[in-house]
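Here is a sequence together with a model predicted from it:
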Amino acid sequence: MTGAHLAAGLRTLFGSTAGAAYELTAADATVGTGLSLSRRISVVALDGGSGTTAVAVALASLLARRRGGPVLAVDAAGGHAGLVSRTIGGDPAPQATRAAAGDQRLAARTGTQARTGLPQSGSGSYVLDLAGTARRPASVETWLHEVAPIARFYDVVVTDWGVRAAPMDFVESVATGHLVVMVSRADRQSATRAAAAVAQLDGPSGEAAGAAARPVPPIMVLVDVSRTADRVVAAVRRRLGTPVHALPHDPEWSADTLTSSRRFAARTRRAHIRLAQAVMEQAVRSQQPAARPRPARGPEVVVPG
């Protein structure tokens, strides 16, 4: 991105103030930070209607645009309004062609081979559909079979797991990532349940499932569907001691087809960039094993109404 293009982006997103320009410049630099290791990001929710797919699409799109290395966006959530339909509008390849390309990817020894048959979105991310024609949520076993062998060839892998309400399914899904992004609505009931699940990832059950391999805490994203984020975000952050981000709820999130990021409100795009910045900060930290602080109040989290 040239200086002129970046300056134009600053004015579009933040206005002309020097402080706003500095903020986005810093965010842009962080999002583009180099990684010595491939990083896997698991985006997941416990309840539907929270915007998990919209968050995964925004992250994959921003990272693909701002980074030099290849980014893989994985649709493990399924559904007819999922990541695939919102990034490439659907995969036109015949089933036999997709299967043959999948076999070639499994034997990949180069990045080019690992991208065999994968379509690219307008933002530049490669898209892998695990839901198939039935559009059912993919199992962790399917992810391990199709994504794990090629993940190392990508700079970043963003997996949209969608809703994983069953305890073991949730734990196994998030264990596939170096970094977890937990998405929830910003109402008291949803945020409390999501915060408790995040706290559990730091407990014995989370460690047994592989969470100990992640030296950074999960990032919580609270989508402000009911305009309650002002009081809920602060409460979750105090009780949980983990990064918490609020995202405004944008009507465009409900679109079930390909949607340009330019159709989102400016404040939504700003929030997406700040989230991408936080994700990359944690991704960089996750490259070095480190002791992770325990939540200040244990796994039981109650968010005041």
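The structure has been received and is ready for your questions.

just for the stretch 101-250 of the chain, where's the confidence low?
Flagging of the stretch 101-250 of the chain using pLDDT under 70 yields the residue ranges 202-215.

Show me where it has its helices.
Remark: helices assigned in the stretch 101-250 of the chain by DSSP state H, counting those that start in this stretch are 111-114, 140-146, 167-174, 188-200, 204-208, 229-240.

Identify, out of those helices, the most deeply packed stretch.
helix 188-200 (a mean of 22; mean count of other C-beta atoms under 10 Å). For glycine as for every other residue, the C-beta is placed from the backbone atoms N, C-alpha and C.

any idea of the angle that one forms with helix 167-174?
Our comparison of helix 188-200 with helix 167-174, counting by axes from the mean of the first three to the mean of the last three C-alpha atoms, to 10 degrees, yields an angle of 70 degrees.

For helix 188-200, enumerate the helices and strands it packs against.
In terms of contacts (3 or more C-beta pairs under 8 Å, 6 or more residues apart in numbering; DSSP states H and E), helix 188-200 is packed against strand 179-185, strand 219-224, helix 229-240.

Make JSON lines out of those and add distance to residue 91.
Below are those laid out as JSON lines (distance: least, C-beta to C-beta, whole Å):
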{"stretch": "strand 179-185", "distance to residue 91": "24"}
{"stretch": "strand 219-224", "distance to residue 91": "27"}
{"stretch": "helix 229-240", "distance to residue 91": "35"}
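
and of those, who's closest to residue 267?
For the helices and strands packed on helix 188-200, proximity to residue 267 was assessed by C-beta to C-beta; strand 219-224 is nearest, at 10.5 Å.

Averaged pLDDT, stretch 83-96. What do you get?
Averaged over stretch 83-96, pLDDT sits at 80.

which outside residues touch that stretch?
53-54, 56-57, 60-61, 73-75, 77, 98, 101, 117, 119-123, 125, 127, 129, 131, 133, 160, 255-259 (C-beta atoms under 8 Å, 6 or more residues apart in numbering).

Buried residues, that stretch. List them.
83, 84, 85, 86, 87, 88, 91 (16 or more other C-beta atoms under 10 Å).

Make sure the fourth one is indeed in a helix.
Yes: assessed with DSSP: H, G, I helix; E, B strand; the rest coil, residue 86 lies in a helix.

Excluding chain neighbours, what is closest to residue 69?
residue 155 (2.7 Å; C-beta to C-beta, 6 or more residues apart in numbering).

My guess is the one you found contacts residue 67. True?
Yes: shown here, residue 155 and residue 67 form a contact pair, counting by C-beta atoms under 8 Å, at 5.9 Å.

Generate a PyMOL selection restricted to the buried subset of the contacts of stretch 83-96.
Of the contacts of stretch 83-96, the buried ones go into a single PyMOL selection, burial set by 16+ other C-beta under 10 Å:
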select buried, resi 53+54+56+57+60+61+73+74+75+77+98+117+119+120+121+123+125+127+129+131+160+259
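
Looking at the contacts of stretch 83-96, which are in strands?
Counting by DSSP state E, the contacts of stretch 83-96 place 73, 74, 75, 127, 129, 160 in strands.

Next one: the fifth one from residue 189, what distance?
To tie it back to what came earlier, the one meant is residue 129. Per C-beta to C-beta, to the nearest Å, residue 129 is found 32 Å from residue 189.

confidence score at residue 14?
49.

going forward can the numbers begin at 43, since that is how I track them
Right, with 43 as the first residue, what we last looked at is residue 56.

returning to that earlier point: which among the ones in strands among the contacts of stretch 125-138 gets closest to residue 220?
For these, the nearest to residue 220 is residue 116 (14.2 Å; C-beta to C-beta).

Looking at the buried residues of stretch 125-138, which two lie furthest apart in space?
Most distant of the buried residues of stretch 125-138, by C-beta to C-beta, are 128 and 133, 12.6 Å apart.
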